[in-house]
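Undergrad: Pasting the sequence and the predicted model now:
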Amino acid sequence: MNAKPARFAASAYNSFLLLGCLAVLGLPVHAGAAAADAAEPTPESNLSLSGFGTLGIARSSSDQVEFVRDLSQPKGISDHWSGLIDTLFGVQTNWRATPTVELVGQVVSRYHYDGSHNPEVMWAFAKWDPDARLSLRAGRIGADFMMLADSRLVGYSYLPVRPPSDFFGPLFFSHFDGADASVTLPLGDGLVRGKLFGGATHEKATGAPGVWDTSGSPVAGLVLDYQAGPWLLRANTASIKFSNDIKFAPLPDTLRSVGATFGYPSAIAAADALTTRNTTTRFYSVGAVYDDGPLQVQGMLNSIHHETEVFQNSRAGYVLAGYRLGPVTPFAGVSWWRSKFKPNTTGLPDVAPFAALNQAFDQIMVASTADQNTYTLGARWDFRQNMALKVQWDAVRGTSASRFPFAHSEAGWNGHTDVLSLCLDFIF
Amino acid sequence: MKTAHALLILLLAAAWPAAAADWVVVANPKAGITRLSQDEVTNIYLGRYRRLASGATAEPIDQPADSALKARFYRQLVDKNLAEINAYWSRLVFSGKTRPPRIAGSNEDALQIVLLHPDALAYVDKARVDSRFVVVFEIAE
């Protein structure tokens, strides 16, 4: 079993995080405190170091399923307290090389596809703002696949413990190597912003067949925002063309040879259905945020269409609302996720020796089934500057067929689990 | 229910500043700005859109993190507390988007920066403003 080294790595990581937190608590940074002479303006530093992190623990009510934050996590949490899924730490440095050019680098340590917390370079880009209306970035940049997707690790920036898993769970991409360009213009009483991005991913996902390397997959997308008064409206489209197949070996080759030997073209077609290489997945989403004083409400809808037969197409959405009462903001939300089964079969008779092939193939066809709602209730308490404590209860109510994005769901699971989460979010 | 209602009022009262607006937003006369709307000031300070009528990019100046004036400014401009403003900026900064306003050490510092940088804007204590500055925004009471 490889659980032991992983646990050791996790505890070493937690000590590292604790040290990080103590450093944050002990050394509050006051940018203005350095000004010795009040008559002189505070010198503006061109170099800054900042960071964010979350110390989070969660447990669920079911030992038959492991709740994960998204598909980048190989294991999730079940019926005992664990800091696995939400705990993370990031540092960022910004260097303003000229008034219009800035270099940004960000490294994040979090639990990800290989079970480690190895630091990962999230961003490393140059940003050029030739004018207040135009911003160009090139390098490794955030994958803006849906509204708020590129800030979903920054717990301090939002109300709940984590963004709704029903909505963001299938997004295992955080960044890509490429470029984006955004233009902001006044329109009516508001601002309209358009953004185009393109490049290639180099990230890995995890699942039952093991790690799936999507490195070199081209991505492209378009974002349109309209902001007016308390409203922010957004429409997004993005696509990714996968560069690699998922390692289902030896199943596809076996299906092909069995199909050829015994005269079942349907088995060969079934092997083709397991292809992901050169297939395109498209993401569409629309969202609205209403943010007025103490009240904030946001709602989003998405639709994900996969050319490959391996993943079911899906639709998801969520609504989340919070109301500030002094330093505490209680919030409530509902999210949902539904997928559509793609009716592929091998066409092989369900007898030995074919039955095992049928079973393996059918399992893949249902592995991405999502059919669930999640009801969320919680509160955020901003107890001191740059720190927030959160508590959250999520009631996952799905059908027994629902198994995405969970890890290791057991056959008898009824699709219900309750997740209780506690976390401390901080920035520095 | 009555207790809950009383508690709500108490919380709201505690969160609400009692003082009227004692700050103004000032610019350097060389910037050629005479007036900004509340939406324009909001867009500049929240980093949504910083283009001035002259075509220059506005450079907003913030007060120190622990300043009471900063808390009043954001409360009266957008009805947000400083934790919410910090949360807002953490989203933009850590997704590599807009830069937050430059932080001055004090009112004097902020005014000094405005004198030195024609594109700078600062919200400052109303009583400290003199004829070297143009008041471009004052919140309606």
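TA: Nice, thanks for sending it over.

Undergrad: List phi and psi for residue B:38.
TA: phi -60, psi -40 (degrees, to the nearest 10).

Undergrad: So which residues of the chain form helices?
TA: With no chain named, the answer covers chain A. Along chain A, the stretches classed as helices by DSSP state H are A:3-26, A:165-168, A:251-262, A:265-273, A:354-366.

Undergrad: Chain B was what I was after
TA: Going by DSSP H, chain B shows helices at B:2-15, B:38-45, B:68-78, B:82-94, B:107-116.

Undergrad: With mean pLDDT added, can I get these in TSV?
TA: Listed next are these as TSV, based on pLDDT from 0 to 100:
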stretch	mean pLDDT
helix B:2-15	53
helix B:38-45	96
helix B:68-78	96
helix B:82-94	97
helix B:107-116	95
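
Undergrad: could you redo those helices as a markdown table and give each row distance to residue A:134 and mean neighbour count?
TA: Using the backbone N, CA and C atoms, a C-beta is placed for each residue, glycine as well. Putting the helices of chain B into a markdown table (distance: least, Cβ to Cβ, whole Å; neighbours: other Cβ atoms under 10 Å in any protein chain shown) gives the following:
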| stretch | distance to residue A:134 | mean neighbour count |
| --- | --- | --- |
| helix B:2-15 | 39 | 11 |
| helix B:38-45 | 16 | 20 |
| helix B:68-78 | 25 | 19 |
| helix B:82-94 | 17 | 21 |
| helix B:107-116 | 25 | 21 |
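
Undergrad: In contact with the nearest residue to residue A:130 once chain neighbours are set aside, which residues?
TA: Counting by Cβ to Cβ, 6 or more residues apart in numbering or on different chains, residue A:130 lies nearest to residue A:100, which is 5.9 Å off, once chain neighbours are set aside. Contacts for residue A:100 (Cβ atoms under 8 Å, 6 or more residues apart in numbering or on different chains) come out as A:128-130.

Undergrad: mind checking pLDDT for residue 17?
TA: No chain was given, so I picked chain A. Looking at residue A:17, its pLDDT reads 42.

Undergrad: um, chain B though
TA: Per the predicted model, pLDDT is 48 at residue B:17.

Undergrad: Also residue A:147?
TA: 88.

Undergrad: Just to check, it is in contact with residue A:287?
TA: Yes: if you go by Cβ atoms under 8 Å, residue A:147 and residue A:287 touch, sitting 4.1 Å apart.

Undergrad: measure the closest residue to residue A:232 other than its chain neighbours to chain B for me?
TA: Nearest in space to residue A:232, with sequence neighbours left out and distances taken as Cβ to Cβ, 6+ apart, is residue A:289 at 4.3 Å. Using Cβ to the nearest Cβ, to the nearest Å, we find residue A:289 at a distance of 11 Å from chain B.

Undergrad: measure residue A:289 to residue A:230 for me?
TA: Look at residue A:289 and residue A:230: by Cβ to Cβ, to the nearest Å, they are 8 Å apart.

Undergrad: same question, residue A:403
TA: Residue A:403 is 39 Å from residue A:230, where distance means Cβ to Cβ.

Undergrad: Of these two, which one has the most company?
TA: residue A:403 (24 against 15; other Cβ atoms under 10 Å in any protein chain shown).

Undergrad: Correct me if wrong: that one contacts residue A:366.
TA: Yes: here residue A:403 reaches residue A:366: they are 7.4 Å apart, a contact under Cβ under 8 Å.

Undergrad: Including distance to residue A:311, could the helices of chain B go into TSV?
TA: Shown next, in TSV, are the helices of chain B (distance: least, Cβ to Cβ, whole Å):
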stretch	distance to residue A:311
helix B:2-15	47
helix B:38-45	41
helix B:68-78	42
helix B:82-94	29
helix B:107-116	54
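
Undergrad: would a markdown table of the ones you listed with distance to chain A be doable?
TA: Listed next are the helices of chain B as a markdown table, based on distance: least, Cβ to the nearest Cβ, whole Å:
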| stretch | distance to chain A |
| --- | --- |
| helix B:2-15 | 4 |
| helix B:38-45 | 7 |
| helix B:68-78 | 8 |
| helix B:82-94 | 4 |
| helix B:107-116 | 4 |
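
Undergrad: Those helices: which one's closest to residue A:362?
TA: helix B:82-94 (42.5 Å; Cβ to Cβ).

Undergrad: list the helices and strands the closest one packs on?
TA: Packing partners of helix B:82-94 (3 or more Cβ pairs under 8 Å, 6 or more residues apart in numbering or on different chains; DSSP states H and E): strand A:47-60, strand A:88-98, strand A:416-427, helix B:68-78.

Undergrad: Around the residue nearest to residue A:189 when sequence neighbours are not counted, how many other residues sit close by?
TA: Among residues not flanking residue A:189 along the chain, residue A:228 sits closest, at 5.3 Å (Cβ to Cβ, 6+ apart). When neighbours are defined as other Cβ under 10 Å, residue A:228 has 14 of them.

Undergrad: pretty sure residue A:383 contacts residue A:327?
TA: Yes: counting by Cβ under 8 Å, residue A:383 touches residue A:327, with 6.6 Å between them.

Undergrad: More neighbours: which of these two?
TA: residue A:327 (16 against 12).

Undergrad: unless I'm mixing things up, that one is touching residue A:381, no?
TA: Yes: counting by Cβ under 8 Å, residue A:327 touches residue A:381, with 6.0 Å between them.

Undergrad: which residues does residue B:24 contact?
TA: By Cβ under 8 Å, 6+ apart, the neighbours of residue B:24 are B:123-124, B:126, B:129, B:135, B:137-138.

Undergrad: ok, now with 6 Å
TA: Listed by Cβ atoms under 6 Å, 6 or more residues apart in numbering or on different chains, the contact set of residue B:24 reads B:126, B:135, B:138.

Undergrad: just to revisit the earlier point, adding distance to residue A:194, write the helices and strands packed on helix B:82-94 out as JSON lines.
TA: As requested, these are arranged in JSON lines below (distance: least, Cβ to Cβ, whole Å):
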{"stretch": "strand A:47-60", "distance to residue A:194": "28"}
{"stretch": "strand A:88-98", "distance to residue A:194": "25"}
{"stretch": "strand A:416-427", "distance to residue A:194": "29"}
{"stretch": "helix B:68-78", "distance to residue A:194": "25"}
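
Undergrad: Looking at these, spot the one closest to residue B:56.
TA: Across the helices and strands packed on helix B:82-94, residue B:56 has its closest neighbour in strand A:88-98 (15.7 Å, Cβ to Cβ).

Undergrad: ok now the closest one, how far from the chain's centre?
TA: The chain centroid and the centroid of strand A:88-98 are separated by 21 Å, computed with Cα atoms, centre = their mean, to the nearest Å.

Undergrad: in its sheet, what does that strand sit against?
TA: If you go by DSSP bridges, strand A:88-98 pairs up with strand A:47-60 (antiparallel), strand A:101-110 (antiparallel).
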